[in-house]
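Peer 1: Task: produce atomic coordinates for the following.
(chains A and B)
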Amino acid sequence: SQTIHQWPATLVQPVGSPLSLECTVEGTSNPNLYWYRQAAGRGLQLLFYSVGIGQISSEVPQNLSASRPQDRQFILSSKKLLLSDSGFYLCAYNPLSANYGYTFGSGTRLTVV
Amino acid sequence: GENVEQHPSTLSVQEGDSAVIKCTYSDSASNYFPWYKQELGKRPQLIIDIRSNVGEKKDQRIAVTLNKTAKHFSLHITETQPEDSAVYFCAAKDPGYSTLTFGKGTMLLVSP
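Peer 2: Next up is the predicted model:
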């Protein structure tokens, strides 16, 4: 069966510190992968998506970056966090070439202090 | 690109009442329309979806209707229960793109 793992679940980081959030998918090959951010009480903001290894599309220019070093691994990074980076970060996937909805990971709640 | 409008932003009902959430989309090529439920602090979860070759789909107390001509689709929840309280997101997908376009969400509050 297909599953998605995302960690850590919560994170408190000081302003200016680096960030690395990781997401892995099991049970499917070559999935589309997505990073979303959700501010408190707000909608889903697409940050990055990837349709293959090394292929990253950025939707929102900011101090975040994403990488896909392996087929089923998606990493969200920052060199220096800002207060405005606080939020609920969600990884999601759907099978490539399939017109299906996403399956979301359990999310990481990031608080920048 | 696709644009999805969702209404209302907040909906309060009494337990046992029905709830309807409406979405409109702009891209006539979109052919897949999922609905997600997000409980407080949790991940969004797919609760029902519909494809453009179908006008209505039901799953127990929830149903989704699609009007391709008018480019709108709706989520219907009957006999609401307190555990239905959550934020609901609609979305649309153009098969030519790799991403879903989400509405801004509806907070549904079901009072006992």
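Peer 1: CA atoms for contacts and neighbours, from now on please.
Peer 2: Will do.
Peer 1: for chain A, what are the nearby residues on chain B?
Peer 2: Contact residues (Cα under 8 Å from any Cα of the partner chain) of chain B with chain A: B:32, B:34, B:42-46, B:49, B:93, B:95, B:98-100, B:102-105.
Peer 1: My guess is B:Lys58 contacts B:Val64. True?
Peer 2: Yes - using Cα atoms under 8 Å, B:Lys58 is in contact with B:Val64, at 6.5 Å.
Peer 1: Which one of those two is surrounded by more residues?
Peer 2: B:Val64 (24 against 15; other Cα atoms under 10 Å in any protein chain shown).
Peer 1: Would you verify that that one is located in a helix?
Peer 2: No - per DSSP: H, G, I helix; E, B strand; the rest coil, B:Val64 lies outside any helix segment and is strand.
Peer 1: give me the beta-bridge partners of it?
Peer 2: Beta-bridge partners for B:Val64, by DSSP bridges, are B:Lys57, B:Leu75.
Peer 1: any weak-confidence spans in the chain?
Peer 2: Assuming you mean chain A. Filtered on pLDDT under 70, chain A yields the residue ranges A:61, A:96-99.
Peer 1: The intended chain is chain B.
Peer 2: Using pLDDT under 70, chain B has no residue that qualifies.
Peer 1: can you give me the helices for it?
Peer 2: Assigned by DSSP state H, the helices in chain B number zero.
Peer 1: circling back to that earlier point, of the residues of chain B next to chain A, keep whichever come out buried.
Peer 2: Among these, those classed as buried by 16 or more other Cα atoms under 10 Å in any protein chain shown are B:32, B:34, B:43-46, B:49, B:93, B:98-100, B:102-105.
Peer 1: Among those residues, name the ones in strands.
Peer 2: B:32, B:34, B:45-46, B:49, B:102 (DSSP state E).
Peer 1: The residues you listed: which two are farthest apart?
Peer 2: Spatial extent of these (Cα to Cα) is set by the pair B:Tyr32 and B:Gln45 at 16.1 Å.
Peer 1: residues touching A:Ser1, list them.
Peer 2: A:Ser1 makes contact with A:26-27, according to Cα atoms under 8 Å, 6 or more residues apart in numbering or on different chains.
Peer 1: please redo it, this time with the cut-off set to 6 Å
Peer 2: If a contact means Cα atoms under 6 Å, 6 or more residues apart in numbering or on different chains, then A:Ser1 has A:Gly27 as its contacts.
Peer 1: Could you do A:Asp71 as well?
Peer 2: Contacts of A:Asp71 (Cα under 6 Å, 6+ apart): A:30, A:53.
Peer 1: in chain A, which spans are strands?
Peer 2: A:3-7, A:10-13, A:19-26, A:32-38, A:45-52, A:55-58, A:64-70, A:73-78, A:87-94, A:103-104, A:108-112.
Peer 1: winner for burial among these?
Peer 2: Neighbour counts (mean count of other Cα atoms under 10 Å in any protein chain shown) averaged over each of those peak at strand A:87-94, with a mean of 26.
Peer 1: What strands line up against that one, and which way round?
Peer 2: Assessed with DSSP bridges, strand A:87-94 is paired to strand A:32-38 (antiparallel), strand A:103-104 (antiparallel), strand A:108-112 (antiparallel).
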